[in-house]
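Engineer: Provided below for reference: sequence and predicted model.
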Amino acid sequence: MKRNFFDKSLPQYCKNCKNGRASEYTEEIFCMKHGITQPNESCRHYKYDPLKRVPQKPEIAGEYSAEDFKL
């Protein structure tokens, strides 16, 4: 199932919130409203920011042979 960047059913994580800033040295999130949190937490001030979400990499299925790359 493909998900849209603006899908409301996405889990609410501090790492995707507009109020949170990622730490350069640890995995913690610095929230302007709640303080220091873990990336998979959220609070009542959560506001989704689609530019912070990193989409999952697509899975490549099957094995390829040299014949697949011949012109």
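Structural biologist: Cool, got the structure.
Engineer: residue contacts, the spatially closest residue to Cys43 that is not a sequence neighbour?
Structural biologist: Sequence neighbours aside, His34 is the residue nearest to Cys43 in space, at 4.6 Å (criterion: Cβ to Cβ, 6 or more residues apart in numbering). Heads up, the C-betas are built off the backbone N, CA and C, glycines and all. By Cβ atoms under 8 Å, 6 or more residues apart in numbering, the residues touching His34 are 14, 19, 43, 45.
Engineer: Going by distance to Pro58, which of those wins?
Structural biologist: Cys14 (25.7 Å; Cβ to Cβ).
Engineer: number of nearby residues for that closest one?
Structural biologist: 25 (other Cβ atoms under 10 Å).
Engineer: And for Ile29?
Structural biologist: 24.
Engineer: give me the beta-bridge partners of Tyr48?
Structural biologist: Beta-bridge partners recorded for Tyr48 (DSSP bridges): Cys17.
Engineer: Give me the pLDDT value at it.
Structural biologist: pLDDT for Tyr48: 86.
Engineer: Pretty sure it sits against Lys15.
Structural biologist: No - Tyr48 is beyond contact range of Lys15, at 11.2 Å (criterion: Cβ atoms under 8 Å).
Engineer: In terms of neighbours, single out the busier of those two.
Structural biologist: Neighbours were counted for Tyr48 and for Lys15 using other Cβ under 10 Å; Lys15 has more, 20 against 16.
Engineer: what's near enough to touch the more buried one?
Structural biologist: Lys15 neighbours (Cβ under 8 Å, 6+ apart): 22, 29, 39-40, 52.
Engineer: Report the buried members of those residues.
Structural biologist: 29, 39 (16 or more other Cβ atoms under 10 Å).
Engineer: Next step: the contacts of Lys15 restricted to strands.
Structural biologist: 22, 29 (DSSP state E).
Engineer: Which strand residues bridge Ala22?
Structural biologist: Applying DSSP bridges, one finds that Ala22 bridges with Ile29.
Engineer: got the contact list for it?
Structural biologist: Taking Cβ under 8 Å, 6+ apart, we find Ala22 in contact with 15, 29-30, 39.
Engineer: What distance do you get for Met32 to Tyr25?
Structural biologist: 19 Å (Cβ to Cβ, to the nearest Å).
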